[in-house]
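Visitor: sequence? don't have it. structure:
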């Protein structure tokens with residue numbers, strides 16, 4: 001119909017669906033090809049709590065489209081996805097109210113500890129968690145030792161086409177998505193050990 005704007009309605013519907021998604025969602029993993037469109041070149045910032053890129057600070061580095069984003073951590077610090085270039089990364093998507101996320105948080109923290117020098121682990125909290133609930137969850141579960149993004153607006157979730165919590169996106173050192181979807185704790189360890 002003329003004069004009706006559907007984009008806001010679609011965005012509102014998408015947000016509502018994400019907010020109502022339960023811990024036991026059966027969504028299919030996202031197609032990783034859609035998140036790795038052409039690279040861009042940006043100056044390399046070094047966010048607090050994240051590993052520095054392999055290039056020296058202030059130099060130009062090719063950044064894959066998937067990592068061309070900025071966000072805020074649950075502690076209010078700035079975070080640049082481009083800081084993940086040069087080292088494999090695990091993005092763990094969680095919600096503070098999700099019981100399954102709470103159940104696996106200790107294992108995610110252990111994966112981070114066991115691979116700290118080799119792999120970046122980044123939590124991506126969202127789905128209406130709220131800042132205070134995110135910080136409390138991180139402190140209670142021991143995941144505060146690695147960066148966790150406060151993504152209640154869903155920017156990072158949409159970038160990686162994640163539609164439900166307790167999912168993983170694994171990227172190789174070039175920033176190419178090599179896995180997107182759920183993983184058992186055993187499979188998470190296996191897949192992280194294979195990252196290069």
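Guide: The structure has been received and is ready for your questions. Fair warning: this is a prediction, and the values are worked out from it, not measured in the lab.
Visitor: pretty sure residue 139 is in a strand, no?
Guide: No - with DSSP: H, G, I helix; E, B strand; the rest coil as the criterion, residue 139 is helix rather than part of a strand.
Visitor: Rank the helices and strands of the chain by mean pLDDT and give me the bottom one.
Guide: When each helix and strand of the chain is scored by mean pLDDT, DSSP states H and E, strand 40-43 comes last, with a mean of 34.
Visitor: Residue ranges in this protein under the pLDDT threshold?
Guide: Applying pLDDT under 70 to the chain flags residues 1-61.
Visitor: quick one, strands of it?
Guide: 40-43, 60-63, 70-72, 78-80, 89-94, 120-125, 148-150, 167-171, 177-181 (DSSP state E).
Visitor: Could you save the ones you listed as JSON lines and add columns showing distance to residue 141 and mean neighbour count?
Guide: Every C-beta, even on glycine, is put in place using the N, C-alpha and C of the backbone. As requested, the strands of the chain are exported to JSON lines (distance: least, C-beta to C-beta, whole Å; neighbours: other C-beta atoms under 10 Å):
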{"stretch": "strand 40-43", "distance to residue 141": "33", "mean neighbour count": "13"}
{"stretch": "strand 60-63", "distance to residue 141": "30", "mean neighbour count": "16"}
{"stretch": "strand 70-72", "distance to residue 141": "20", "mean neighbour count": "17"}
{"stretch": "strand 78-80", "distance to residue 141": "19", "mean neighbour count": "19"}
{"stretch": "strand 89-94", "distance to residue 141": "9", "mean neighbour count": "26"}
{"stretch": "strand 120-125", "distance to residue 141": "10", "mean neighbour count": "26"}
{"stretch": "strand 148-150", "distance to residue 141": "10", "mean neighbour count": "24"}
{"stretch": "strand 167-171", "distance to residue 141": "16", "mean neighbour count": "26"}
{"stretch": "strand 177-181", "distance to residue 141": "22", "mean neighbour count": "19"}
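Visitor: Look up how far residue 67 lies from the residue lying closest to residue 127 once chain neighbours are set aside.
Guide: Nearest non-adjacent residue to residue 127, counting by C-beta to C-beta, 6 or more residues apart in numbering: residue 95, 4.2 Å away. According to C-beta to C-beta, to the nearest Å, residue 95 stands 23 Å off from residue 67.
Visitor: So for the two, which residue has more residues nearby?
Guide: Ranked by neighbour count (other C-beta atoms under 10 Å), residue 95 and residue 67 place residue 95 first, with 27 against 23.
Visitor: residues contacting that one?
Guide: Residue 95 makes contact with 23, 101, 125, 126, 127, 128, 129, 165, according to C-beta atoms under 8 Å, 6 or more residues apart in numbering.
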